[in-house]
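1. I'll drop the sequence and a predicted model, then ask my questions.
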Amino acid sequence: MTKLTLIRLAALALLSAGLLGCGGEAPATNTASSDANTTGNNTSTASDNTSGTSNNANTARKTIDLSVDYDFASGQYQLRWPASTGPVDVLRAASAAGSDQIVVRQGLEGSSYQLPKTALIKRPYFALRSDQGQSAWVAARWLALDSARNLRDLGGYPTASGERLRWGLVFRSGALAPMQSEDMAALSGLGVNTLVDFRGSDERQSEPTQWPVPGVNVLQWDYRLDKSVFAELFRPGQDLSAEFFEQLMVTGYRDMVETQRPHYAALFEQLSSADDGVLFHCTAGKDRTGIAAAVLLTALGVERELVLRDFMLSDQYYRQYPEKIAGWGDDHDAQDPMLKLFKNLPPETLAPLTGVRPSYLEAAFAQMEADYGSVMNYVRDGLGVDEAQLQQLRQRLLEPGA
């Protein structure tokens with residue numbers, strides 16, 4: 001990671017955490033408009049369910065546990081399964097239903113298989129078949145769109161009641177402006193028809209979204225930037241340590257429980273009623289977006305441990321692919337006082353801003369519990385999601401796990 005990239009990432013983290021954003025919010029702009037490579041593997045074990053992972057069977061026979069990861073550096077999909085499974089056929093399809101499946105390898109021995117991405121199928125799903133049974137159809141959690149920023153699918157996570165999230169309906173990401181037109185078109189082709197943009201006005205002006213397909217539904221909000229955080233950063237004698245920045249982020253996460261509440265409520269409303277895919281994002285796709293994803297997964301019945309693991313994937317992503325956040329030009333860098341300040345700080349001091357920590361999400365959850373009694377009460381009372389809407393949300397986004 002270059003020092004300049006690290007500095008940009010740290011500065012943008014303050015925006016993504018909402019630490020520079022406060023009141024003065026206008027109602028959501030809801031429009032139908034035409035404007036709108038990690039190094040190393042993004043790998044998790046099958047029990048993590050943070051990669052595309054299934055523990056569910058499509059047949060009455062024994063389940064095959066399959067995990068799928070995508071490596072941006074090599075452009076390869078990595079499939080893994082237990083070695084005790086025996087010979088397997090590797091199946092590929094362009095949909096989670098597997099209706100258009102083809103066999104890409106027959107009688108494969110071992111416990112892993114790599115195959116390159118193909119231009120013919122932008123979002124492949126995979127399954128394994130053997131004498132023991134068949135896995136469910138599984139996709140890689142990160143989408144193989146090289147110009148995207150922290151873009152991933154929330155599908156595949158199991159719930160405490162034995163269901164799992166459907167693939168291809170809910171996506172989370174950072175700002176979409178860096179995406180190349182062909183990658184945006186591919187994302188639109190996956191059925192994404194609603195964008196929920198948590199960024200403030202200045203962020204949208206700095207990195208405007210140019211959605212390639214007319215008629216997309218865009219929700220966004222105008223709110224002012226609060227410059228008071230600068231006073232704390234530039235206060236004489238301020239100890240700008242890693243502990244200071246971590247506490248700054250913890251405070252920001254607690255504040256977002258309230259400041260982002262109308263935006264999260266709008267997200268839930270869209271998710272419960274939308275006919276197609278919904279993508280929600282902020283600048284880095286890790287802070288405002290991270291809380292939103294965590295609250296959504298909780299409302300759907302995903303266990304807290306998996307919710308936290310999904311949240312921490314952003315830390316893995318930006319450690320491996322930090323240049324994805326660097327969206328400012330040299331002219332902006334030369335004029336920005338915060339960037340000038342950060343240039344004098346070592347990387348380890350800025351680390352709390354460039355990634356995420358478990359303490360951040362735990363702080364947000366603790367604030368919800370303090371204000372509302374529980375995270376689910378925050379959903380019901382804070383976001384105004386009643387039982388009928390929750391039921392509608394679960395019916396739309398969940399499917400049987402077996």
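-> That came through fine. Numbering: from 1, shown residues only.

2. ranges for the helices of the stretch 201-350 of the chain?
-> For the stretch 201-350 of the chain, applying DSSP state H, counting those that start in this stretch gives helices covering 201-206, 228-233, 242-259, 261-273, 288-299, 304-320, 330-335, 337-342, 347-354.

3. again, but for the stretch 1-150 of the chain
-> Under DSSP H, counting those that start in this stretch, the stretch 1-150 of the chain gives helices at 3-16.

4. pLDDT weak spots in it?
-> Filtered on pLDDT under 70, the stretch 1-150 of the chain yields the residue ranges 1-62.

5. is it true that residue 374 touches residue 368?
-> Yes. With contact defined as C-beta atoms under 8 Å, residue 374 reaches residue 368; the gap is 7.2 Å. No exception for glycine: its C-beta is placed from N, CA and C like everyone else's.

6. ok so, going back, least reliable of the helices of the stretch 201-350 of the chain going by mean pLDDT?
-> Confidence, taken as mean pLDDT, is least for helix 330-335 of these (a mean of 50).

7. Domain ranges for this structure, per the record?
-> For the chain, automatic domain parsing gives the domain ranges 3-38+145-400, 52-134.

8. Can I get those domains in a markdown table including mean neighbour count?
-> Below are the domains of the chain laid out as a markdown table (neighbours: other C-beta atoms under 10 Å):
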| stretch | mean neighbour count |
| --- | --- |
| domain 3-38+145-400 | 18 |
| domain 52-134 | 17 |
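
9. Can you say which of the helices of the stretch 201-350 of the chain is nearest to residue 79?
-> Nearest to residue 79 among the helices of the stretch 201-350 of the chain is helix 304-320; the distance by C-beta to C-beta comes to 19.0 Å.

10. Export that closest one to CSV, keeping only CA atoms.
-> Presented in CSV, the C-alpha positions along helix 304-320 are these (Å, rounded to 0.1, in the frame of the first residue of the first chain):
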residue,chain,number,x,y,z
ARG,A,304,-24.4,-12.5,15.4
GLU,A,305,-21.2,-14.3,14.7
LEU,A,306,-21.8,-14.5,11.0
VAL,A,307,-23.1,-10.9,11.0
LEU,A,308,-19.7,-9.8,12.4
ARG,A,309,-17.8,-12.0,10.0
ASP,A,310,-19.5,-10.3,7.0
PHE,A,311,-18.8,-6.9,8.5
MET,A,312,-15.1,-7.8,8.8
LEU,A,313,-14.8,-8.8,5.2
SER,A,314,-14.3,-5.1,4.3
ASP,A,315,-11.2,-5.1,6.4
GLN,A,316,-9.9,-8.1,4.4
TYR,A,317,-10.8,-6.4,1.2
TYR,A,318,-9.1,-3.1,1.8
ARG,A,319,-5.9,-4.8,3.2
GLN,A,320,-5.6,-6.7,0.0
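
11. And that helix, what does it pack against?
-> Identification of packing neighbours for helix 304-320 by 3 or more C-beta pairs under 8 Å, 6 or more residues apart in numbering; DSSP states H and E yields helix 288-299, helix 358-372.

12. Tell me which of the ones you listed sits nearest to residue 344.
-> helix 358-372 (24.8 Å).

13. The closest one packs against which elements?
-> Counting by 3+ C-beta pairs under 8 Å, 6+ apart, helix 358-372 packs on helix 242-259, helix 288-299, helix 304-320, helix 375-377.

14. Make a markdown table from these and add distance to residue 180 to it.
-> Supplementary listing: the helices and strands packed on helix 358-372 in a markdown table, determined by distance: least, C-beta to C-beta, whole Å:
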| stretch | distance to residue 180 |
| --- | --- |
| helix 242-259 | 30 |
| helix 288-299 | 21 |
| helix 304-320 | 18 |
| helix 375-377 | 37 |
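
15. could you dump the helices of the stretch 201-350 of the chain to a markdown table with distance to residue 280?
-> Shown next, in a markdown table, are the helices of the stretch 201-350 of the chain (distance: least, C-beta to C-beta, whole Å):
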| stretch | distance to residue 280 |
| --- | --- |
| helix 201-206 | 14 |
| helix 228-233 | 24 |
| helix 242-259 | 14 |
| helix 261-273 | 5 |
| helix 288-299 | 6 |
| helix 304-320 | 14 |
| helix 330-335 | 26 |
| helix 337-342 | 26 |
| helix 347-354 | 22 |
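
16. for the ones you listed, which one sits closest to residue 391?
-> helix 261-273 (9.0 Å).

17. Compute the inter-axis angle for the closest one and helix 358-372.
-> Between the axes of helix 261-273 and helix 358-372, defined by axes from the mean of the first three to the mean of the last three C-alpha atoms, to 10 degrees, the angle is 90 degrees.

18. Kindly export helix 261-273 (C-alpha atoms) in PDB.
-> Output of helix 261-273 as PDB, limited to C-alpha atoms (Å, rounded to 0.1, in the frame of the first residue of the first chain):
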ATOM      1  CA  ARG A 261     -31.800   6.000  10.800                       C
ATOM      2  CA  PRO A 262     -34.000   7.600   8.100                       C
ATOM      3  CA  HIS A 263     -31.800   6.100   5.400                       C
ATOM      4  CA  TYR A 264     -31.900   2.600   6.900                       C
ATOM      5  CA  ALA A 265     -35.600   2.800   7.200                       C
ATOM      6  CA  ALA A 266     -35.900   3.700   3.500                       C
ATOM      7  CA  LEU A 267     -33.600   0.700   2.700                       C
ATOM      8  CA  PHE A 268     -35.800  -1.700   4.500                       C
ATOM      9  CA  GLU A 269     -38.900  -0.300   2.800                       C
ATOM     10  CA  GLN A 270     -37.200  -0.800  -0.600                       C
ATOM     11  CA  LEU A 271     -36.000  -4.300   0.200                       C
ATOM     12  CA  SER A 272     -39.500  -5.400   1.300                       C
ATOM     13  CA  SER A 273     -41.200  -4.100  -1.800                       C
END
